[in-house]
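**Student:** Predicted model and sequence follow; I will ask about them next.
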2 protein chains.
Amino acid sequence: MIQPSTLPGMMELLPEDQLVFDTIKRKIEDVFIKNAFFSIDTPAIEKLDVLLSKGGGETSKQVFRIDNSKKNQGLRFDLTVPLAKYVSMYMQDLAFPFRRYQIAKVYRGERNQKGRYKEFYQCDIDIIGNEKLSLYNDAEIVKCMYEALKSIDVPEFEFQFNNRKILNGYFSYLGIDDFESCLRVIDKLDKIGIDNVKEELSKINLDASKIDTLLKFLEIDGTNQEIIEKLESLNIDNELFTCGVNELKFVYQDILSLGVNPENIKINLSITRGLDYYTGSVFETFFKDYREIGSICSGGRYDSLANNFTKSKLPGVGMSIGLTRLFYQLQELNLVKGKQTNFDCIIIPMKGYEKNAVKLMNDLRNSSVKCMSYLEDDKLKKKFNYADKLSVKYVIIIGQDEVEQNKFTLRNMENGNQELLELNEIIEKLK
Amino acid sequence: MIQPSTLPGMMELLPEDQLVFDTIKRKIEDVFIKNAFFSIDTPAIEKLDVLLSKGGGETSKQVFRIDNSKKNQGLRFDLTVPLAKYVSMYMQDLAFPFRRYQIAKVYRGERNQKGRYKEFYQCDIDIIGNEKLSLYNDAEIVKCMYEALKSIDVPEFEFQFNNRKILNGYFSYLGIDDFESCLRVIDKLDKIGIDNVKEELSKINLDASKIDTLLKFLEIDGTNQEIIEKLESLNIDNELFTCGVNELKFVYQDILSLGVNPENIKINLSITRGLDYYTGSVFETFFKDYREIGSICSGGRYDSLANNFTKSKLPGVGMSIGLTRLFYQLQELNLVKGKQTNFDCIIIPMKGYEKNAVKLMNDLRNSSVKCMSYLEDDKLKKKFNYADKLSVKYVIIIGQDEVEQNKFTLRNMENGNQELLELNEIIEKLK
């Protein structure tokens, strides 16, 4: 006998929770489809040199490698590298801008820790251009994720966005050379606070006056409109900076004209998305009342999706929801909503009336009533326990009385009320 | 630069084919849900001792093992072992009979060969009882797969079914001891023909008279009703045999009373499902006009799902569609049907009218019209090429004329007809 168990770091839900999870996943997918994104379904196993085309680092250590493959295969750790591969391989067959979505599991050898998953769903949308891609797409991505998040009934959220060109231009204007270290520190602002950022910036040899100027810049706040006006009024003589401000303004206005509620979008000049490969718009998304759980949906604009795979320039913009982690967090906060049962009624026959139950089940299903029959040879109590355990709202009872009258007893399991009804009355009620 | 490529043996579709595949997959899932099955989503990576709990053999060689896991993890090769694990682990939380479906990818290190996949979708339904499970469930499984196959518009198909107790009882009645070898040979009847079966049976030391009797038995044919009558009239004095015939008869009649067309179901006494662990009903499914592609949906009844994991007896019945292989075969036969585009229209603005296109797109989507805008700064010809490539039926053109009249030009891409219409007329037409 072998002890049945599941590996740590894998989310494995009971059926009632799985139903809620699946419902959320499907709603997100439906929004992606409605917004004219195309599905792709790349394999979970890829060649290692494809997976690690961007070089090693932390990611390389986290890849699940396949043993029986001469060391050259592994499991995908995100959906972006497979997208880059896919677009490079099938460029001739794709229409650009290529709007793709993929909702699939990815794998990372994270260390065991509560809320950290080694296998988790990502829900990605990206729009990829061939050589160029208009800024309208940045706004479309946000609008689509806005609809997706609205559709799954999560707490009030806020997209926070910025443009990497603004920061890079401002660094350059200030005469800061070490963009990378600087970005790395600023990215932590939300976590470690302004004083610690100040200290860390001084450690990377930024002189005090520059630090003060930079921090004052990062603290620019107000309404979105005010922030844009303040940025413009700074009169910074730097092309990159000006370009970034113009892009920010354009994307912001387009997001609004796509119908996103201004309450749900906030310019935040300290959003950087770390050292990722973003080059323009960057987005993070926070629950307004639960900011501590971090960004639930992030992404941005990049100049080149696949420069490791092709000489073609493939600029793109995309965002991703880490669904498994989001679901875990909603569960922890007791914020998961959704029906835990998929059907409306269970038919319970008295002993000897199983065939009548089969017939009724068939009739109901043909009238689009989701139902099942309990056809095991058990005591009535056990049959009702089953209905209780599955939390169905109605039970239909069939026995001698019912058959003689050609009716059925419909019992409301929530309040215990029973009615003797004809088939069409039941269908009317349950449909 | 790294050559982007996908591993051999992986199905990776272009977006238009992927859409058809996804649509099929979703239709199957919808039928499973309608039939009151519950979704579970076990991880793709499991402990090796769980995966290989039934012992080694061919399967063991095909498992993708994870390298960085001290040799104790691998990818699932089917959905049955994970189900056995799941039910054993969560027995206390599940309501029995437990009706589960799982549609997911499984992994097998098959050798490279056309039409053989190393990663493929299985669509499984099973009903698991605790200690016992009525025969009604055998029929329900068939009915559900019947609806699933009907929903995806495949060629005419036929469930062929049998009961393992009949064969085992008959072997026993004939005094044949080596059930296994005998089953193995009979299972090949369809492939190698009766003469070769005869020869192979003689090789396993079956004497000639027994072979003749057995083959005559396997050739029993006629309508389903006739076959059942012939089996009953044989008056075989063997308890197992009699039990098998009664089960076959019961399940057959229940399948009919669930509304399966008799044209789609055929008793075939030579169906054995090889040496699998089935103990009662066994099912295979063939396209009537393409029998050569083999069974597209198989399964049966087993006495014990998880005897490697638990002392509880968990009898069950289930069937599975190998969706990736089925899709490949339908493609090869040019039998794949389905829309290759997910949306109805592309809005093409003249230069300078992009913002009008954004507004229109928003209005249309709010009225449930699936559409997108082409907002890149390109020549009109390129914009129309895009619409062509995506095979959308309609293009909406916005330029100066349209804006001045507050109307839009709707072009039918199939016949080239153009109309100047108001927003609500367009919505009416495209909704």
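**Tutor:** Yep, it's here.

**Student:** thought residue A:349 was touching residue A:396?
**Tutor:** No - at 9.1 Å, residue A:349 does not count as touching residue A:396 under the criterion of CB atoms under 8 Å. To be clear about C-beta, it is placed using only N, CA and C from the backbone, and glycine gets the same treatment.

**Student:** Nearest to chain B: which residue in the stretch 101-250 of chain A?
**Tutor:** residue A:136 (4.1 Å; CB to the nearest CB).

**Student:** In contact with that residue, which residues?
**Tutor:** A:254, B:354, B:358, B:373, B:375 (CB atoms under 8 Å, 6 or more residues apart in numbering or on different chains).

**Student:** how about 6 Å then?
**Tutor:** Neighbouring residues of residue A:136 by CB atoms under 6 Å, 6 or more residues apart in numbering or on different chains: A:254, B:375.

**Student:** and what of residue A:19?
**Tutor:** residue A:342.

**Student:** which stretch of helix or strand covers it?
**Tutor:** Residue A:19 belongs to helix A:15-34 when assigned by DSSP states H and E.

**Student:** For the helix or strand following that helix, what does the pLDDT average out to?
**Tutor:** Using DSSP H and E, the next helix or strand after helix A:15-34 towards the C-terminus is strand A:38-39. Strand A:38-39 shows a mean pLDDT of 96.

**Student:** so does strand A:38-39 get close to chain B?
**Tutor:** Yes - using CB under 6 Å from any CB of the partner chain, strand A:38-39 comes into contact with chain B via A:38, A:39.

**Student:** And stretch A:245-263, by the same measure?
**Tutor:** Yes - using CB under 6 Å from any CB, we find that stretch A:245-263 touches chain B at A:257, A:258, A:259.

**Student:** Return the set of buried residues in that stretch.
**Tutor:** A:245, A:246, A:247, A:248, A:249, A:250, A:251, A:252, A:254, A:255, A:258, A:260 (16 or more other CB atoms under 10 Å in any protein chain shown).

**Student:** CA atoms only for that stretch - export them in CSV, please.
**Tutor:** In CSV, the C-alpha atoms belonging to stretch A:245-263 read as follows (Å, rounded to 0.1, in the frame of the first residue of the first chain):
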residue,chain,number,x,y,z
VAL,A,245,4.9,62.0,-20.4
ASN,A,246,3.2,62.2,-23.8
GLU,A,247,2.7,58.4,-23.9
LEU,A,248,1.4,58.3,-20.3
LYS,A,249,-1.1,61.1,-21.2
PHE,A,250,-2.2,59.4,-24.4
VAL,A,251,-2.7,56.0,-22.8
TYR,A,252,-4.5,57.4,-19.8
GLN,A,253,-6.9,59.3,-21.9
ASP,A,254,-7.5,56.3,-24.2
ILE,A,255,-8.1,54.1,-21.1
LEU,A,256,-10.8,56.6,-20.1
SER,A,257,-12.4,56.7,-23.5
LEU,A,258,-12.6,52.9,-23.5
GLY,A,259,-14.9,53.3,-20.5
VAL,A,260,-12.7,52.4,-17.6
ASN,A,261,-13.9,54.1,-14.4
PRO,A,262,-11.4,56.8,-13.4
GLU,A,263,-11.8,55.5,-9.8
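
**Student:** That stretch: how far from the chain's middle?
**Tutor:** 22 Å (CA atoms, centre = their mean, to the nearest Å).

**Student:** all strands for the stretch 301-431 of chain A, in order.
**Tutor:** Ranges of strands within the stretch 301-431 of chain A are A:316-322, A:345-349, A:371-373, A:394-398, A:408-412, A:418-421, based on DSSP state E, counting those that start in this stretch.

**Student:** Next, the contact list for residue A:75, please.
**Tutor:** A:44, A:64, A:107.

**Student:** can you state the direction angle for the helix holding residue A:19 and strand A:316-322?
**Tutor:** With axes from the mean of the first three to the mean of the last three CA atoms, to 10 degrees defining the directions, helix A:15-34 sits at 170 degrees from strand A:316-322.

**Student:** Quick check: buried residues in helix A:15-34?
**Tutor:** A:15-25, A:27-29, A:31-34.

**Student:** Show me the residue sitting in the middle of chain A in space.
**Tutor:** residue A:321 (2.2 Å; CA atoms, centre = their mean).

**Student:** Apart from its chain neighbours, what residue comes closest to that one?
**Tutor:** residue A:123 (4.3 Å; CB to CB, 6 or more residues apart in numbering or on different chains).

**Student:** where's the residue nearest to the centre of chain A relative to residue A:76, distance?
**Tutor:** 17 Å (CB to CB, to the nearest Å).

**Student:** now chain A, which segments are flagged as low pLDDT?
**Tutor:** Along chain A, the model assigns pLDDT under 70 to residues A:56, A:275-276.

**Student:** which ones are touching residue A:52?
**Tutor:** residue A:60.

**Student:** residue ranges for the strands of the stretch 101-250 of chain A, please.
**Tutor:** A:119-128, A:157-163.

**Student:** could you redo those as TSV and give each row mean neighbour count?
**Tutor:** Below are the strands of the stretch 101-250 of chain A laid out as TSV (neighbours: other CB atoms under 10 Å in any protein chain shown):
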stretch	mean neighbour count
strand A:119-128	23
strand A:157-163	23
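
**Student:** for those, which one sits closest to residue B:91?
**Tutor:** Checking these against residue B:91 by CB to CB gives strand A:119-128 as the closest, at 23.4 Å.

**Student:** which helices and strands does the closest one pack with?
**Tutor:** strand A:98-107, strand A:316-322, helix A:323-332 (3 or more CB pairs under 6 Å, 6 or more residues apart in numbering or on different chains; DSSP states H and E).
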